[in-house]
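Student: Take this sequence and fold it.
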Amino acid sequence: MKKKLLGIKPLQISNLGLGCMGMSECYGKTNDLESIRTIHRAIELGITHIDTADCYGLGHNEKLLAKALKGDREKIILASKCGMVRNLETGEFTGVNGRPDYIKRSCEASLNRLEVDYLDLFYLHRADPNTPIEESMGAFADLVAEGKIRHIGLSEVSAKTIARAHKVHPLTAIQSEYSLWHRKPEEEIIPLCQALNIGFVAHGPMGKGFFTGTIESIDTLEKDDLRRILPRFQDENITHNLQMMQVLREIALNRGVTPGQIALAWVLSQADNIVAITGTKQVAHLEENVNAAYLELSPEELLQIEQHIPLNFAQGDLLPESFAKFSEQ
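Tutor: Have a look, this model is predicted:
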């Protein structure tokens with residue numbers, strides 16, 4: 001699989017990474033054994049970038065990865081995140097904590113759950129409005145100096161926050177949602193990352209599964225599926241948004257691939273500093289995603305997509321306010 005170099009002190013990372021959140025929560029039933037098989041298959045297929053966070057499954061996700069990665073630690077770039085605070089009894093997200101002492105305690109806890117000595121990439125999951133980003137970055141810089149992390153990232157932050165943080169210590173990666181139905185990072189974030197030589201990690205590159213073409217109504221989703229409350233999947237919005245599938249299906253049919261593979265290939269084609277992480281908990285879906293990492297779209301296909309799915313085409317808020325309030329994007 002193609003690899004890219006992210007950051008000033010380059011981190012070599014596979015073009016496509018594996019996002020593990022859904023192995024613990026959010027998208028219906030989970031199965032640890034199938035998830036572990038998926039992680040092992042990802043490594044076999046050349047994925048070197050595996051992404052988790054301390055809040056996924058209230059720590060379950062990191063513990064699952066500890067089991068899956070035994071014997072394979074040195075084969076992968078392991079990324080985790082801290083800063084999102086949850087109620088341990090209800091699971092409700094209650095805020096963001098970017099205080100230096102909290103960041104350092106969170107790092108130690110993640111290392112323990114993952115059963116590793118260091119993290120290749122450690123993100124602040126969201127910017128803390130009550131803690132200057134310079135103070136948060138100071139803690140991350142200390143962790144680099146101590147050898148507990150090797151690279152620093154920020155997630156879902158503004159261009160101003162990125163610029164301020166980068167002055168304290170070079171950032172290696174910015175992670176934000178980016179897909180054909182959320183192109184806002186093109187306005188400021190991606191250009192700034194290119195100017196500062198920071199990698200951009202796109203999560204949700206297939207619109208949380210929308211571009212697979214298998215979701216035409218929330219009625220087909222399990223009762224505990226997060227997408228049931230996402231505005232873009234609601235009736236009045238999904239009817240409009242399904243128009244995007246027409247062009248993807250047309251190109252996919254001509255290429256003998258799936259619409260989801262076209263959507264993922266589009267994200268990977270947008271800039272040299274962009275990699276993507278796709279969340280899946282099943283081997284079959286993983287293998288389909290990996291094939292998209294080898295798919296090169298022609299200039300004509302890219303133009304066709306641009307003409308039919310322009311910036312801000314998607315209808316509906318990206319997230320409900322209960323989630324959106326934590327993000328600077």
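Student: What distance do you get for L230 to K325?
Tutor: 15 Å (Cβ to Cβ, to the nearest Å). From N, CA and C alone the C-beta is placed, and that goes for glycine too.
Student: The closest residue to R73 other than its chain neighbours: how many residues sit nearby?
Tutor: Distance criterion Cβ to Cβ, 6 or more residues apart in numbering; nearest residue to R73, sequence neighbours excluded, is V116 at 6.0 Å. A count of neighbours around V116, defined by other Cβ atoms under 10 Å, yields 18.
Student: same thing with the one 4 residues further on?
Tutor: When neighbours are counted by other Cβ under 10 Å, D120 registers 20.
Student: can I assume it sits in a helix?
Tutor: No. Assessed with DSSP: H, G, I helix; E, B strand; the rest coil, D120 is strand; it does not lie in a helix.
Student: Next, the contact list for I76, please.
Tutor: By Cβ atoms under 8 Å, 6 or more residues apart in numbering, the contact set of I76 is 43, 47-50, 69, 120.
Student: the helices in the stretch 1-150 of the chain, which residues?
Tutor: For the stretch 1-150 of the chain, the helices defined by DSSP state H, counting those that start in this stretch occupy 32-44, 60-68, 100-114, 133-145.
Student: Need the ones you listed in CSV (columns: mean neighbour count and distance to F93).
Tutor: Shown next, in CSV, are the helices of the stretch 1-150 of the chain (neighbours: other Cβ atoms under 10 Å; distance: least, Cβ to Cβ, whole Å):
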stretch, mean neighbour count, distance to F93
helix 32-44, 17, 23
helix 60-68, 20, 15
helix 100-114, 18, 15
helix 133-145, 19, 18
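Student: Would you mind telling me which of those is nearest G204?
Tutor: With Cβ to Cβ as the criterion, G204 lies closest to helix 60-68 of the helices of the stretch 1-150 of the chain, at 16.7 Å.
Student: Next, the angle from that closest one to helix 100-114.
Tutor: 40 degrees (axes from the mean of the first three to the mean of the last three Cα atoms, to 10 degrees).
Student: Now do helix 60-68 against helix 32-44: the angle between them, please.
Tutor: Using the same axes, to 10 degrees: helix 60-68 against helix 32-44 is 60 degrees.
Student: which secondary structure elements does helix 60-68 contact?
Tutor: helix 32-44, helix 100-114 (3 or more Cβ pairs under 8 Å, 6 or more residues apart in numbering; DSSP states H and E).
Student: if we can go back for a sec, for the residue nearest to R73, give me phi and psi.
Tutor: phi -130, psi 170 (degrees, to the nearest 10).
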